[in-house]
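Visitor: structure for the following, please:
(4 chains)
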Protein chains: 2
Amino acid sequence: MAAGDRTTIQDVARAAHVHASTVSRVLNGRPELLLKLETRERVVAAAARLRYRPSVLARSLRLRRTLTLGMLVPDIANPFFPPIIKGAEDVAHERGYTLVLCNTADVPEREATYLRVLRERQVDGALIASTRMADATITALRADGFPFVLVNRTTQGTRDLAVTVDNRVAAGEAIVHLADLGHRRIAQVAGPHTTATGAERLAGARKALLSRGLDASLVVEAEAWSEVAGYRAARQLLIADAPTAIFGANDLIALGVLRAAREAGLRVPGDLSVVGFNDIGESALIDLTTVHVPQEEMGAAAARLLIGALERDPIAERRVVLAARMVVRGSTAAPRLAALEIA
Amino acid sequence: MAAGDRTTIQDVARAAHVHASTVSRVLNGRPELLLKLETRERVVAAAARLRYRPSVLARSLRLRRTLTLGMLVPDIANPFFPPIIKGAEDVAHERGYTLVLCNTADVPEREATYLRVLRERQVDGALIASTRMADATITALRADGFPFVLVNRTTQGTRDLAVTVDNRVAAGEAIVHLADLGHRRIAQVAGPHTTATGAERLAGARKALLSRGLDASLVVEAEAWSEVAGYRAARQLLIADAPTAIFGANDLIALGVLRAAREAGLRVPGDLSVVGFNDIGESALIDLTTVHVPQEEMGAAAARLLIGALERDPIAERRVVLAARMVVRGSTAAPRLAALEIA
DNA sequence: TTGTACGCGTTATCAA
DNA sequence: TTGATAACGCGTACAA
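Guide: Numbers count the residues shown, from 1 in each chain, chains lettered A, B, ... in the order given. Next up is the predicted model:
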């Protein structure tokens, strides 16, 4: 059945002694489509007997829609994304859609290639979870009228569909948590400033620091949202005059911070408190305090938003902002007195 | 461009003052297809100007192949799979294929649905990483001549294409490692016996235990390949007469063992040594000794095998067995004397 | 060297 | 209530 010997609608038509169009009507038409019961039964029986499977290809060609969604992520192996994909996949499957997975590796060229592939394949729309994708690329999509939903990122001054959390508020809460513990020297390992998410978390944290009368200038920017980048950045922070607490702009970065701290002989949370962002699976394992982001829900909401836009005419909402709440674990605690005195 | 206003090959033909078939030849034909250079240029220019994107749909319908692969995994959120998917996706992308992701949630019904969907979509083949999928289902695929490659699992007595590691040997090495440390009471939390992988690891471990003259009957089977299942099983093991070492059939199970040990007040590796299998990302973080399985390579190899089978006539190899090697970390160490004495 | 004609498998529309 | 026809967009054998 994989090769040329497909059973087509013609075969069924022949077997049921009707015309192909009748078969199509029986199989897809509204139930109240005025068909003689006997004909209907004959067709259904023939289809079952021949194990007829309609060709989605031919149907899509005719219907001008593929019931297929593209899902662009920068890196499937990054633990932040699988739950998002899962949520999206669940909803898509439930609504009869299929997901084409695109791992962009955060390489602009590859993003472009994939966008082209997706459109050649005439996917009905795309879920874009690439933080890095240039606004220009997205602008082009928008201009072409290609339906898409942004996941965990936004674009400046547009009405693009998007599902996010309130990064500013959540980052602020992370800072407040540390400040409440008594920390005075709180540093940040920020995400790449080229990403909307990075900028937002930085801004939120900064605002919270200032409102507490704390120094908001202890910032090193990680060059990527990765453990390695977090590690490198943290090393710059953990030299002389080290902070007593560090807010990592995401959990991977925080993991890098923890590694740097370990290498520097610092005890967490004894000498240093660390907070992350996202609450990926690893965080619970290593007892990292972080901001919980409902990843699966995020993916599901994005898929719902996209499918809704594809199937309904009036779009219900343009932006979904999910709640993010702090999860306090062992990586944060009151700083030691000695550390405080330094400050 | 998302909606009806697609540029078709006809548009290009008109613009270049040639027939559509000529456009097709220029764009896809072998270079040595005898075409006047000037015509060729005119067509290429027109195509570029109109931003022509061939319809993969129409092409697939005509060519009877979609350059699409199905990828079935039981759970994307299980950290074992993302690297596999990534490896597969990389190779697929490189060779012009697209990956359709299917999360079966280990539900037989959903597997069946997906298999149907994949065939209606006429994917050229599938990568099957569902451990649980019944051999019967697979037999049906084989009977239909549908191309597929098994990933990290095999089927009994068939010549199905598969990429695996040698579970027996690797599980044996894990046991030997523990025995060499001096452990005498080594228990197993085995994977579900309904899975080939589970059976193989159990057999390999058992053999190694016996060859060392050790008791091979300390086995509890986890009802799934999950942390929770590992935790539940371990609780049965950690009562009276507890073992000094436990081999978990995969890392998630081992994670569950660790949690159970923590709850039981046991120190790892002081009171209990633990070994896992797979070396998922989490393992390094929590210092788990385990058997490294090259997941990304596994996915890549599977994709290569499948694409090879699809594109070449003679199949190069039917089974690829990747090397798995032990990674010794902090979760194993010589047992305390007291523990040995009990045994 | 290029054009003609046809078919891939569906479904919508019109006619009967 | 059902059949015939056309069209979705493309590739290719054959003709010119």
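Visitor: quick one, strands of the stretch 151-300 of chain A?
Guide: Counting by DSSP state E, counting those that start in this stretch, one finds strands in the stretch 151-300 of chain A at the ranges A:162-165, A:186-190, A:219-221, A:245-248, A:273-275, A:290-292.
Visitor: can you check which of the ones you listed gets nearest to DNA strand C?
Guide: strand A:162-165 (31.2 Å; Cβ to the nearest atom of the strand). Placement of C-beta: from N, CA and C, glycine included.
Visitor: pLDDT of that closest one, averaged?
Guide: Strand A:162-165 shows a mean pLDDT of 96.
Visitor: partner strands of that strand, parallel or antiparallel?
Guide: Sheet pairing for strand A:162-165, assigned by DSSP bridges, gives strand A:148-151 (parallel), strand A:319-322 (parallel).
Visitor: show me what contacts A:L306?
Guide: Neighbouring residues of A:L306 by Cβ atoms under 8 Å, 6 or more residues apart in numbering or on different chains: A:L69, A:G125, A:A126, A:L127, A:P147, A:F148, A:V149, A:L161.
Visitor: rewinding a little: so which of the strands paired with strand A:162-165 comes closest to DNA strand C?
Guide: Checked against Cβ to the nearest atom of the strand, the stretch from the strands paired with strand A:162-165 lying closest is strand A:148-151, at 25.4 Å.
Visitor: can you list the residues that contact the closest one?
Guide: With contact meaning Cβ under 8 Å, 6+ apart, strand A:148-151 is reached by A:84, A:88, A:125-129, A:138, A:141-142, A:160-164, A:298-299, A:302-303, A:305-306, A:309.
Visitor: report the buried residues of that strand.
Guide: For strand A:148-151, a neighbour-count test (16 or more other Cβ atoms under 10 Å in any protein chain shown) marks A:F148, A:V149, A:L150, A:V151 as buried.
Visitor: any chance of CSV for the residues you listed, columns pLDDT?
Guide: CSV is the format used below for the buried residues of strand A:148-151 (pLDDT from 0 to 100):
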residue, pLDDT
A:F148, 96
A:V149, 97
A:L150, 96
A:V151, 97
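Visitor: A:L72 reaches A:V107, doesn't it?
Guide: No - contact between A:L72 and A:V107 fails when scored by Cβ atoms under 8 Å: they sit 11.8 Å apart.
Visitor: quick one, which of the two is more surrounded?
Guide: Neighbours per residue (other Cβ atoms under 10 Å in any protein chain shown) separate A:L72 from A:V107, with A:L72 holding more: 22 against 14.
Visitor: where does that one sit: helix, strand or coil?
Guide: strand (DSSP: H, G, I helix; E, B strand; the rest coil).
Visitor: other residues contacting stretch A:311-325?
Guide: A:154, A:159-166, A:169-170, A:173, A:291-294, A:297-298, A:301-302, A:305, A:308-309.
Visitor: can you tell me which of the residues you listed are buried?
Guide: Buried by 16+ other Cβ under 10 Å: A:154, A:160-165, A:169-170, A:173, A:291-294, A:297-298, A:301-302, A:305, A:308-309, out of those.
Visitor: of these, which belong to helices?
Guide: Mapping the buried ones among the contacts of stretch A:311-325 onto helices (DSSP state H) picks out A:V169, A:A170, A:E173, A:E297, A:M298, A:A301, A:A302, A:L305, A:G308, A:A309.
Visitor: now do the helices in the stretch 51-200 of chain A.
Guide: A:56-63, A:81-94, A:108-120, A:135-144, A:167-180, A:196-211 (DSSP state H, counting those that start in this stretch).
Visitor: pretty sure A:M298 contacts A:L127?
Guide: No - the pair A:M298 / A:L127 is not scored as a contact, 10.1 Å apart, by Cβ under 8 Å.
Visitor: what's across from the closest residue in space to A:L305 that isn't next to it in sequence in the sheet?
Guide: Nearest non-adjacent residue to A:L305, counting by Cβ to Cβ, 6 or more residues apart in numbering or on different chains: A:V149, 5.0 Å away. Residues in a beta bridge with A:V149, per DSSP bridges, are A:L127.
Visitor: check contacts around A:D124.
Guide: Counted by Cβ under 8 Å, 6+ apart, A:D124 has contacts A:R65, A:T66, A:L67, A:T68, A:L69, A:Y97, A:P147, A:L310, B:A2.
Visitor: with neighbour count and pLDDT added, can I get those residues in CSV?
Guide: Listed next are those as CSV, based on neighbours: other Cβ atoms under 10 Å in any protein chain shown; pLDDT from 0 to 100:
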residue, neighbour count, pLDDT
A:R65, 16, 95
A:T66, 21, 97
A:L67, 19, 97
A:T68, 24, 98
A:L69, 28, 98
A:Y97, 21, 97
A:P147, 19, 96
A:L310, 16, 95
B:A2, 19, 42
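Visitor: which of these fall in strands?
Guide: A:T68, A:L69 (DSSP state E).
Visitor: between all of the contacts of A:D124, which two are separated the most?
Guide: Using Cβ to Cβ, the pair of the contacts of A:D124 lying farthest apart is A:Y97 and B:A2, separated by 15.3 Å.
Visitor: quick check, A:F81 in contact with A:T131.
Guide: No - assessed by Cβ under 8 Å, A:F81 is found out of contact with A:T131, at 10.6 Å.
Visitor: need the overlap of contacts for the two.
Guide: Jointly contacting A:F81 and A:T131 under the rule Cβ under 8 Å, 6+ apart are A:P74.
Visitor: show me the shaky parts of the stretch 101-250 of chain A.
Guide: Counting by pLDDT under 70, the stretch 101-250 of chain A contains no low-confidence residues.
Visitor: what does it have sitting close to chain B?
Guide: By Cβ under 8 Å from any Cβ of the partner chain, the residues of the stretch 101-250 of chain A that approach chain B are A:101-103, A:110, A:114, A:116-117, A:119-122, A:124-125, A:144-147.
Visitor: could you rerun that using 6 Å?
Guide: Within the stretch 101-250 of chain A, the positions adjacent to chain B are A:L101, A:N103, A:E120, A:R121, A:Q122, A:D144, A:G145, A:F146 by Cβ under 6 Å from any Cβ of the partner chain.
Visitor: what sits against A:A196?
Guide: A:R153, A:T154 (Cβ atoms under 6 Å, 6 or more residues apart in numbering or on different chains).
Visitor: now the stretch 201-343 of chain A against DNA strand D: closest residue?
Guide: With Cβ to the nearest atom of the strand as the measure, A:L310 is the residue of the stretch 201-343 of chain A nearest to DNA strand D, at 17.8 Å.
Visitor: for B:Y52, find the nearest of the helices of the stretch 51-200 of chain A.
Guide: With Cβ to Cβ as the yardstick, what comes closest out of those is helix A:108-120 (10.3 Å).
Visitor: elements contacting the closest one?
Guide: Taking 3 or more Cβ pairs under 6 Å, 6 or more residues apart in numbering or on different chains; DSSP states H and E as the contact definition, helix A:108-120 has no neighbouring helices or strands.
Visitor: so it versus helix B:81-94, what angle?
Guide: Interaxial angle of helix A:108-120 relative to helix B:81-94 (axes from the mean of the first three to the mean of the last three Cα atoms, to 10 degrees): 80 degrees.
Visitor: just the residues contacting helix A:108-120, thanks.
Guide: Residues from elsewhere that reach helix A:108-120 (Cβ under 6 Å, 6+ apart): A:G70, A:C102, A:T104, A:A126, A:M133, B:R53, B:V56.
Visitor: which members of those residues are the farthest-apart pair?
Guide: So, the contacts of helix A:108-120 by Cβ to Cβ: farthest apart are A:M133 and B:V56, at 22.3 Å.
Visitor: out of the residues of the stretch 101-250 of chain A next to chain B, which end up buried?
Guide: With neighbours counted using 16+ other Cβ under 10 Å, these contain these buried positions: A:L101, A:N103, A:R121, A:Q122, A:F146.
Visitor: alright, that wraps it up for me.
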